[in-house]
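In: how would this look folded up:
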Amino acid sequence: MSTITYDSYLALDQLLAAQQPISDHHDEPLFIVMHQTKELWMRQTIHELGLAIELIRADRLVESYKTLARVSRIQAVMTLSWDVLQTMTATDYLRFRRVLGTSSGFQSDQFRTVEVMLGFRDGPRHGPATRAAAERPSLWDEANAAAHRAGLPIPADALARDWPAPYAPDGRVEDAWREVYREEAKWWPLYQLAEKLVDLDEAFAVWRHKHVMTVSRIIGHKQGTGGTGVSYLEATLPKRAFPELWSLRTAL
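Out: Sure thing, here's the model as predicted:
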């Protein structure tokens with residue numbers, strides 16, 4: 001029987017060999033570790049969202065709460081990590097920016113997969129994981145299907161829509177979920193599900209905001225290495241994965 005050690009279990013030789021700075025500037029390793037860490041957290045997020053979707057599809061709503069809460073906590077950790085990157089000044093970044101070429105987080109297949117799994121279907125689909133996820137119902141699609149099975153009047157065209165197409169907010173969906181909030185005791189499992197989804201949506205929005213502030217602080221309004229920049233990122237700030245759960249509050 002082989003001996004499992006801390007190093008071998010975590011594959012630390014491979015993990016710690018994955019940081020390969022191209023320049024000799026002190027801050028480039030931070031930039032690499034920051035983004036590699038985010039990719040690891042996004043991998044876990046995809047893993048958790050997959051389970052949450054399965055549980056909701058099986059009407060095991062209560063069991064999904066812990067998984068959704070975990071994703072929100074992961075998102076909070078990712079948001080806090082921007083504070084570490086912000087210790088790198090604009091001047092520091094400019095000293096090694098040229099070695100990045102056209103590489104950009106905009107190209108992350110995992111980030112796009114997370115977006116698509118949540119319900120954002122209007123962005124680019126660069127990689128195979130994103131394209132595969134877009135062919136399946138999102139977390140919001142599954143939540144609406146679960147609400148329908150529980151007896152809420154979710155319209156048929158929200159239940160059997162073109163999954164890869166962008167989701168359009170529907171007043172009838174809002175009306176159905178508003179009933180959940182008006183009679184939360186009657187619809188308690190769905191009410192709690194809705195609140196967990198709002199937690200997750202808020203955490204994602206806060207992450208986007210912190211991303212904008214970090215990019216603005218480091219490169220200003222210059223174009224990013226992948227062709228995007230602050231203006232593009234700012235345009236994503238109003239987006240919500242579960243739009244009716246936000247709009248219904250106005251009419252309560």
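In: looks like Pro166 contacts Gly123 (just checking).
Out: No - the criterion here is CB atoms under 8 Å, and Pro166 misses it with Gly123 at 9.1 Å. All C-beta atoms are positioned from the backbone trio N, CA, C, and that covers glycine.
In: more neighbours: those two, which one.
Out: Gly123 (16 against 10; other CB atoms under 10 Å).
In: which residues touch that one?
Out: The contact partners of Gly123, by CB atoms under 8 Å, 6 or more residues apart in numbering, come to 112, 115-116.
In: with Gln110 instead?
Out: So Gln110 contacts 39, 42-43, 46, 129 (CB under 8 Å, 6+ apart).
In: can you check Gln192 too?
Out: 61-62, 65.
In: and it, how far is that from Asp199?
Out: Note on Gln192: its distance to Asp199, by CB to CB, to the nearest Å, is 11 Å.
In: likewise Ser64?
Out: Taken as CB to CB, the span from Ser64 to Asp199 is 12 Å.
In: which of these two has more residues huddled nearby?
Out: More crowded of Ser64 and Asp199, by other CB under 10 Å: Ser64, with 27 against 18.
In: that one contacts Ile56, correct?
Out: Yes - between Ser64 and Ile56 there is a contact at 5.2 Å, judged by CB under 8 Å.
In: overlap in contacts, those two.
Out: Leu193.
In: and which of the contacts of Gly123 is nearest Phe31?
Out: Arg112 (20.7 Å; CB to CB).
In: how about the host helix or strand of the closest one: buried residues?
Out: Take DSSP states H and E as the rule and Arg112 turns out to sit in helix 109-118. Within helix 109-118, the residues that qualify as buried are 109-118, counting by 16 or more other CB atoms under 10 Å.
In: helix or strand next in line after that helix, which one?
Out: Next element after helix 109-118 (DSSP H and E): helix 128-134.
In: name the helices or strands packed onto that following helix?
Out: Packing contacts for helix 128-134, counted by 3 or more CB pairs under 8 Å, 6 or more residues apart in numbering; DSSP states H and E, involve helix 109-118.
In: dump the helix it packs on to PDB, restricted to CA.
Out: Extracted in PDB, the C-alpha atoms of helix 109-118 (Å, rounded to 0.1, in the frame of the first residue of the first chain):
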ATOM      1  CA  ASP A 109     -13.900  29.000 -20.100                       C
ATOM      2  CA  GLN A 110     -14.700  28.400 -16.500                       C
ATOM      3  CA  PHE A 111     -15.800  31.900 -15.700                       C
ATOM      4  CA  ARG A 112     -18.100  31.800 -18.700                       C
ATOM      5  CA  THR A 113     -19.400  28.400 -17.600                       C
ATOM      6  CA  VAL A 114     -20.300  29.800 -14.200                       C
ATOM      7  CA  GLU A 115     -22.200  32.700 -15.800                       C
ATOM      8  CA  VAL A 116     -24.100  30.300 -18.100                       C
ATOM      9  CA  MET A 117     -25.000  27.900 -15.300                       C
ATOM     10  CA  LEU A 118     -26.400  30.800 -13.200                       C
END
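In: model confidence over it, on average?
Out: Helix 109-118 comes out with an average pLDDT of 96.
In: okay, helices next: where are they in the protein?
Out: 6-9, 12-16, 28-57, 61-85, 90-94, 109-118, 128-134, 139-150, 156-159, 171-182, 188-219, 230-236, 243-251 (DSSP state H).
In: including distance to Ser103, could those helices go into a markdown table?
Out: Below are the helices of the chain laid out as a markdown table (distance: least, CB to CB, whole Å):
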| stretch | distance to Ser103 |
| --- | --- |
| helix 6-9 | 30 |
| helix 12-16 | 20 |
| helix 28-57 | 9 |
| helix 61-85 | 16 |
| helix 90-94 | 14 |
| helix 109-118 | 13 |
| helix 128-134 | 17 |
| helix 139-150 | 29 |
| helix 156-159 | 38 |
| helix 171-182 | 39 |
| helix 188-219 | 15 |
| helix 230-236 | 16 |
| helix 243-251 | 32 |
